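>>> No sequence on hand, only this structure:
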């Protein structure tokens, strides 16, 4: 699970991204980038569209969409936390509900939404 900061960092260093994805591939790990994370980062970095396109085409990178039930769960969890941050909320919700670690470039942003999230800084 990748948050906006991690996605941005991966695109900043395509060599690092290539190495990270190669390791994930060797270990059989799929890299999930929620659609709202993808939308936020690509909207703010249009000059990097070629790098994002390269990353998006990689078979180990999946960009899933929320179901209506998941969206409701994200909203409930954010209401309980007293914050609203769509991308961080989706990342946190999916990771917590599945027992996953979040690869993050901005731990404070995720902690603001969920202080119990399991984070790995990129």
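In hand now; what should we look at? This one's a predicted model, so the numbers in the text were calculated from it and none came from an experiment. Numbers count the residues shown, from 1 in each chain.
>>> List the buried residues in stretch 100-107.
Residues of stretch 100-107 classed as buried under the neighbour-count rule (16 or more other CB atoms under 10 Å) are 102-107. Just so you know, the C-beta spots here come from the backbone N, C-alpha and C atoms, and that holds for glycine as well.
>>> need the contact list for residue 91.
Applying CB atoms under 8 Å, 6 or more residues apart in numbering to residue 91 gives the contacts 1-3, 34, 37, 102, 110.
>>> The residue nearest to residue 118 when sequence neighbours are not counted: what's it in contact with?
By the measure of CB to CB, 6 or more residues apart in numbering, the closest residue to residue 118 outside its immediate chain neighbours is residue 101, 4.7 Å from it. When contacts are counted by CB under 8 Å, 6+ apart, residue 101 is found next to 1, 95, 118-120.
>>> Now residue 101, what are its backbone angles?
Main-chain torsions, residue 101, degrees, to the nearest 10: phi -90, psi 140.
>>> Tell me the spacing between it and residue 29.
With distances taken as CB to CB, to the nearest Å, residue 101 is found 10 Å from residue 29.
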